[in-house]
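A.B. asks: I'll drop the sequence and a predicted model, then ask my questions.
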Amino acid sequence: MMADLERMNLVVTGHVDHGKSTGLGHMLFLLGQIHDPKKKRQPWRIAEKYFKDSKAQGMGSWSYAWILDPLMDERERGLTINISFQEFKTKKYIYNLIDAPGHSDFIKNMITGASQADAAILVVSARKGEFEDGTKVAGTASGKYANVIGMTTEHMLLLTSLGVTNIVVAINKMDVVDWDQKRYEQIKKAIHEIFTQLMTALQIDDKDRRLEAIKYVPTSGLVGVNLLSKDITIKNIEGHLTAAKSGNGDPEFITSLEKEFEDIKAGFEGLSWYDGPSLVDALDLLESPAVRKETLSKQPVRLPIQQTLNIGGVGTVLTGRVSTGILKPNSEMVISPTKQSIEPVRVSVKTLQEFHKDIPQALPGDNIGFNIKTKNVGAKDIIRGAVLSDPDNPAVALRPNVDAFLSLVLVVRGLGKKGKKGKEVAWGIHENYSPVVHCGTAQVACRVTQVQEKDQLGQGERGMIWMTPLNPMVVEPLAQSPALGRFALRDSGKTVAVGVVQKVERGKYA
């Protein structure tokens with residue numbers, strides 16, 4: 001039965017310290033689906049190891065987070081750094097769980113994770129101060145979170161700009177606010193207002209229905225409440241407890257499970273006012289990727305390249321997520337740009353693999369690896385951000401300072417202040433400003449050549465701007481290519497604006 005389940009690429013996002021790794025790790029434990037490289041140990045035995053290891057390092061509260069954060073440097077810093085992948089199953093889907101970093105230092109990895117997702121969990125803390133600082137505008141936060149302000153809003157911006165609108169919002173740490181329904185409703189309203197603004201600005205299709213479809217779930221990742229339904233949570237924690245006792249588990253770990261059992265029951269009592277789905281049940285209510293795949297599969301092939309490998313005995317292998325079209329083995333395709341040329345280079349796609357197995361075709365949303373043969377380019381010539389496309393309808397990179405694209409942008413963060421005759425004034429997006437454009441898998445500096453109808457665009461303003469890339473890159477109008485028609489503008493580690501491509505004009509500055 002499980003083999004027939006549809007796969008869903010699910011990215012987990014959220015501000016640092018809002019509890020996403022703990023909550024999702026705890027969810028996997030309660031589901032009994034912790035990944036075990038040895039393929040032999042029971043879930044409680046793996047959790048016991050994390051419990052003992054985290055306690056030995058004085059980080060006992062991080063024990064469930066370690067299920068998603070296996071790297072030692074992540075444990076020591078208490079941060080999710082790289083993207084990690086897990087798989088879990090429910091009654092409806094097989095989820096490829098992508099845990100994306102929440103700290104601003106690692107936002108590029110978060111963009112990579114979100115660009116591969118069909119859907120997202122956005123984890124926000126209900127704790128007073130944490131939620132507010134996560135959604136504050138630039139320059140207004142203070143104290144502990146001053147250096148990572150606005151990460152909740154930042155992640156919402158990036159998800160929307162990447163077209164990920166199939167979302168469950170986990171309003172976490174409800175235990176900290178004593179399961180307060182008013183606090184839950186306040187946060188739900190604030191998040192809804194931000195998503196409404198973003199989806200309007202980014203011209204998301206069927207905006208009202210997509211906003212209505214966002215699920216909001218009160219949770220406590222640390223306690224383990226409402227990650228699964230009440231009945232299943234209690235049944236499964238009892239099962240883990242029984243197995244640990246019969247398996248001669250560590251006495252302190254067993255005591256912690258007994259306390260968790262009591263805390264979970266009390267937590268569900270505190271949430272007695274809530275009659276909606278649990279986190280897992282809300283995930284199963286998400287729109288099937290198949291609905292979108294069917295529409296996107298009818299369009300020409302577009303596959304932004306994520307990684308290039310040179311594997312002995314195999315040759316050049318590329319990885320990426322199919323955006324549109326259907327890719328099949330033994331097909332002729334083109335890639336643009338390469339290190340040698342902006343013009344599309346012909347390549348033969350030989351074999352396709354997903355999860356290390358050969359597949360007969362790749363559909364939109366599939367994360368794949370594929371072996372190519374070509375006389376003209378090797379692995380070292382193909383750059384991250386290049387796009388594989390159909391030779392009959394190729395995606396062609398724009399030429400620096402020659403070609404240009406017109407975009408509607410929403411400025412979400414001011415660029416600070418600059419001196420002008422002894423007086424500091426706020427400034428925004430202006431002619432000759434050169435931020436980094438994140439589009440598809442490309443990250444390329446682009447120069448603003450014109451701000452239409454204004455000298456500049458400041459924080460909170462929308463407007464039309466022309467840009468030209470400083471290195472070759474592929475962008476296409478949103479109406480033509482969803483994945484290559486939305487982008488984020490970033491500067492000094494911060495998202496400055498999000499935008500949609502309206503028009504591409506080749507030779508505009510020739």
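C.D. replies: Alright, I've got the coordinates.

A.B. asks: Which residue ranges of the stretch 51-200 of the chain form helices?
C.D. replies: Taking DSSP state H, counting those that start in this stretch as the test, the helices found in the stretch 51-200 of the chain are 72-77, 107-114, 130-135, 151-161, 181-201.

A.B. asks: Surely residue 255 is in a helix?
C.D. replies: Yes. Residue 255: assigned to a helix according to DSSP: H, G, I helix; E, B strand; the rest coil.

A.B. asks: low pLDDT regions in the stretch 401-510 of the chain?
C.D. replies: The model of the stretch 401-510 of the chain has pLDDT under 70 over residues 416-426.

A.B. asks: Tell me which stretches of it form strands.
C.D. replies: 404-411, 417-420, 423-426, 429-430, 436-439, 442-451, 456-457, 462-469, 486-491, 494-505 (DSSP state E, counting those that start in this stretch).

A.B. asks: and residue 392, which of those is closest to it?
C.D. replies: Evaluated over these, closeness to residue 392 peaks at strand 494-505, with 18.4 Å, by Cβ to Cβ. Bear in mind the C-beta positions are built from the backbone N, C-alpha and C, glycine included.

A.B. asks: Report all helices and strands that that closest one contacts.
C.D. replies: Contact partners of strand 494-505 among helices and strands, from 3 or more Cβ pairs under 8 Å, 6 or more residues apart in numbering; DSSP states H and E: helix 151-161, strand 404-411, helix 482-485, strand 486-491.

A.B. asks: if we compare the helices of the stretch 51-200 of the chain, which one ends up closest to residue 393?
C.D. replies: helix 151-161 (24.4 Å).

A.B. asks: Export the helices and strands packed on strand 494-505 as CSV, with columns for distance to residue 95 and mean neighbour count.
C.D. replies: Below are the helices and strands packed on strand 494-505 laid out as CSV (distance: least, Cβ to Cβ, whole Å; neighbours: other Cβ atoms under 10 Å):
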stretch, distance to residue 95, mean neighbour count
helix 151-161, 17, 26
strand 404-411, 31, 23
helix 482-485, 21, 24
strand 486-491, 24, 24
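
A.B. asks: how about a markdown table for these, with distance to residue 288 added?
C.D. replies: Converted to a markdown table, the helices and strands packed on strand 494-505 look like this (distance: least, Cβ to Cβ, whole Å):
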| stretch | distance to residue 288 |
| --- | --- |
| helix 151-161 | 19 |
| strand 404-411 | 29 |
| helix 482-485 | 17 |
| strand 486-491 | 22 |
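
A.B. asks: Select, out of these, the one closest to residue 508.
C.D. replies: Closest approach to residue 508 among those is made by strand 404-411 (4.2 Å; Cβ to Cβ).

A.B. asks: So what are the sheet partners of the closest one and their directions?
C.D. replies: Within its sheet, strand 404-411 is paired with strand 462-469 (antiparallel), strand 494-505 (antiparallel), according to DSSP bridges.

A.B. asks: residues in contact with the first one?
C.D. replies: The contact list for strand 462-469 (Cβ atoms under 8 Å, 6 or more residues apart in numbering) reads 201, 397-398, 400-411, 429, 437, 444-454, 457, 499, 502, 508-509.

A.B. asks: try 6 Å this time
C.D. replies: Residues outside strand 462-469 that contact it (Cβ atoms under 6 Å, 6 or more residues apart in numbering) are 398, 400-401, 404-410, 444, 446-452, 454, 457.

A.B. asks: Please apply the same query to the last one.
C.D. replies: Strand 494-505 has contacts (Cβ under 6 Å, 6+ apart) with 154, 157, 161, 202-203, 404-413, 435, 475, 477-478, 485-489.

A.B. asks: about what we covered before: which among the strands of the stretch 401-510 of the chain is found nearest to residue 281?
C.D. replies: Here strand 486-491 is closest among the strands of the stretch 401-510 of the chain (Cβ to Cβ), at 29.9 Å.

A.B. asks: which other helices and strands contact that closest one?
C.D. replies: helix 151-161, strand 436-439, strand 494-505 (3 or more Cβ pairs under 6 Å, 6 or more residues apart in numbering; DSSP states H and E).

A.B. asks: and the closest residue to residue 213 other than its chain neighbours, how many neighbours?
C.D. replies: Using Cβ to Cβ, 6 or more residues apart in numbering and skipping residues adjacent in sequence, the residue nearest residue 213 is residue 287, 6.6 Å away. Residue 287 has 15 neighbouring residues, counting by other Cβ atoms under 10 Å.

A.B. asks: so residue 287, which of the three states?
C.D. replies: coil.

A.B. asks: my guess is it contacts residue 166, does it?
C.D. replies: Yes. Between residue 287 and residue 166 there is a contact under Cβ atoms under 6 Å: 5.4 Å.

A.B. asks: Give the full set of residues in contact with the closest residue in space to residue 393 that isn't next to it in sequence.
C.D. replies: Of all residues not flanking residue 393 in the chain, residue 300 sits nearest, at 3.8 Å (Cβ to Cβ, 6+ apart). With contact taken as Cβ under 6 Å, 6+ apart, residue 300 is in contact with 325, 390, 393.

A.B. asks: Near the first one, how many other residues are there?
C.D. replies: Going back to what we said before, that points to residue 325. Around residue 325 there are 22 residues (other Cβ under 10 Å).

A.B. asks: Grab the nearest non-local neighbour of it.
C.D. replies: Using Cβ to Cβ, 6+ apart, the closest residue to residue 325 is residue 301 (3.3 Å).

A.B. asks: tell me the phi and psi of that neighbour?
C.D. replies: Phi and psi for residue 301, reported as degrees, to the nearest 10, are phi -60, psi 130.
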